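> Okay, structure incoming, though there's no sequence with it:
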């Protein structure tokens, strides 16, 4: 068996990181420790590497790791990756890296966890360009004739911690269980989860109402929509936009959103009223709206602290005026609305809504 090294990349907040960014980094650090234990138990030599703002690209880090461990199989994952992975899941990636078989990814189109066998690492990673993240790594390898296998059918391996809201949905926020239900005693006025907890409870009520309509907007998938149709009593209205946004090629069309175009005309304050006219509850991928407004590069977006506050519907805490108004509109709408990223409108929907079909056995 080939030696396997596992690299867990942990993003560290910058000096100006606020309280939400700091708390979220701690949640990701705890996930990194869990991943490290699982990968170590499967036989990998594990390193957790702190990634500070402006410290270089993912591609450069992976090139260096391959040069430091010539011939070794490599498993690479971010500290927010696959928080619901089982010990058997992690063992499968270590085993894949130890063979001379294909690359294994949790998702070939937007990877968070990748296993690269030693022969492939030795032959290809020295030429890896400065990819911004691990999302596009499997596609880059496939374009060079490398066989890539993925586990996209395992929905739990598609959950990623990109926001405190994702931690809430996965039951990893302090005082929250796996359904996002509060398990500590009492309710505090300063609880940062109070609004999303209320919106999530109301959305679950919508999902159980056969006369209601749930709006899903953003980078959702046919798989998620089929699951919603088979699991929830409500009807589903979907607006699918900008799938693959994070793995866009240089020179690709700038992200555009139909919902974002309406906000260009009417302003961010119109979000709530637009969604009220479309359904009885909504989950919205706000990153598509940010990309429509600012471009795909996150460097031009409002800072992470503002984005995290928006995901928690804490509009008072947002410095960016446009995002603050958008969030206030969602929080004050007559219907329940959650704002978030890809996880919210993808695998997070299974965590938000009851994971049982209307007919048949539990999934």
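Alright, I've got the coordinates. Because the structure is a prediction, the values reported are computed rather than measured. Residues are numbered from 1 along each chain as shown.

> what residues go with each domain of this structure?
4-157, 183-352 (automatic domain parsing).

> what's the closest of the ones you listed to residue 172?
Closest of these to residue 172 is domain 4-157, at 5.8 Å (criterion: C-beta to C-beta). (Glycine included, C-beta is placed from N, CA and C.)

> can you list the domains of the chain in a markdown table and add distance to residue 167, mean pLDDT and mean neighbour count?
Listed next are those as a markdown table, based on distance: least, C-beta to C-beta, whole Å; pLDDT from 0 to 100; neighbours: other C-beta atoms under 10 Å:
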| stretch | distance to residue 167 | mean pLDDT | mean neighbour count |
| --- | --- | --- | --- |
| domain 4-157 | 5 | 94 | 19 |
| domain 183-352 | 10 | 92 | 19 |
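
> surely residue 32 meets residue 7?
No: when contacts are counted by C-beta atoms under 8 Å, residue 32 is not listed as touching residue 7 (10.8 Å).

> quick one: the strands in this structure?
Using DSSP state E, the strands of the chain run over residues 4-11, 45-51, 73-78, 103-105, 113-116, 148-150, 213-218, 235-240, 281-285, 337-340.

> do you know which of these lies nearest residue 331?
Each of those has some distance to residue 331 by C-beta to C-beta; the shortest is strand 337-340, at 7.6 Å.

> so how far is the closest one from its chain's centroid?
How far strand 337-340 lies from its chain's middle: 13 Å, per C-alpha atoms, centre = their mean, to the nearest Å.

> and it, which strands flank it?
Next to strand 337-340 in the sheet, as set by DSSP bridges, lie strand 281-285 (parallel).

> what separates the strand it pairs with from the chain centre, distance-wise?
15 Å.

> would CSV of the domains of the chain with distance to residue 172 be doable?
Shown next, in CSV, are the domains of the chain (distance: least, C-beta to C-beta, whole Å):
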stretch, distance to residue 172
domain 4-157, 6
domain 183-352, 11
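
> among those domains, which is nearest residue 169?
Going by C-beta to C-beta, the one of these nearest residue 169 is domain 183-352, 4.3 Å.

> got the contact list for the longest helix anywhere in the chain?
Ordering each helix of the chain by length in residues (DSSP state H) puts helix 19-41 first. For helix 19-41, contacts defined as C-beta atoms under 8 Å, 6 or more residues apart in numbering pick out 6, 8, 10-13, 17, 46, 48, 75, 77, 79-83, 85, 87, 90-91, 93-94, 161, 163-164, 167, 172-173, 192, 304-305, 308-309, 312, 317.

> just stretch 134-154 next, same as before
By C-beta under 8 Å, 6+ apart, the list of residues contacting stretch 134-154 reads 9, 58, 62, 76-78, 89, 92, 96, 101-112, 114, 116, 120, 124, 128-129, 131, 157-158, 246-247.

> same check, this time on stretch 51-62
7, 9-14, 49, 74, 76, 125, 128-134, 137.

> again with stretch 300-320
Against stretch 300-320 from outside (C-beta under 8 Å, 6+ apart): 13, 16-21, 24, 163-165, 192-193, 195-196, 199, 286, 290-291, 294, 322-328, 330-331, 338-341.

> So which of those residues belong to helices?
Using DSSP H, the contacts of stretch 300-320 in helices are 19-21, 24, 164-165, 195-196, 199, 286, 290-291, 294, 322-328, 330-331.

> in the stretch 201-350 of the chain, which spans are helices?
With DSSP state H, counting those that start in this stretch, the ranges of helices along the stretch 201-350 of the chain come out as 222-231, 258-266, 271-276, 286-294, 304-311, 321-332, 342-345, 348-352.

> Reformat these as JSON lines; add distance to residue 215.
Below are these laid out as JSON lines (distance: least, C-beta to C-beta, whole Å):
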{"stretch": "helix 222-231", "distance to residue 215": "11"}
{"stretch": "helix 258-266", "distance to residue 215": "10"}
{"stretch": "helix 271-276", "distance to residue 215": "6"}
{"stretch": "helix 286-294", "distance to residue 215": "13"}
{"stretch": "helix 304-311", "distance to residue 215": "17"}
{"stretch": "helix 321-332", "distance to residue 215": "12"}
{"stretch": "helix 342-345", "distance to residue 215": "10"}
{"stretch": "helix 348-352", "distance to residue 215": "12"}
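
> of those, which approaches residue 203 most closely?
Nearest of these (C-beta to C-beta): helix 348-352, 6.6 Å.

> just checking, what packs against that closest one?
Using 3 or more C-beta pairs under 8 Å, 6 or more residues apart in numbering; DSSP states H and E, the elements in contact with helix 348-352 are helix 164-169, helix 194-207, helix 222-231.

> list the contacts for the closest residue to residue 206 other than its chain neighbours?
Residue nearest to residue 206 in three dimensions, not counting chain neighbours: residue 281, with 3.7 Å by C-beta to C-beta, 6 or more residues apart in numbering. Going by C-beta under 8 Å, 6+ apart, residue 281 touches 202, 203, 206, 207, 212, 214, 215, 234, 335, 336, 337.

> list the contacts for the fifth one?
Going by C-beta under 8 Å, 6+ apart, residue 212 touches 206, 233, 234, 235, 279, 280, 281.
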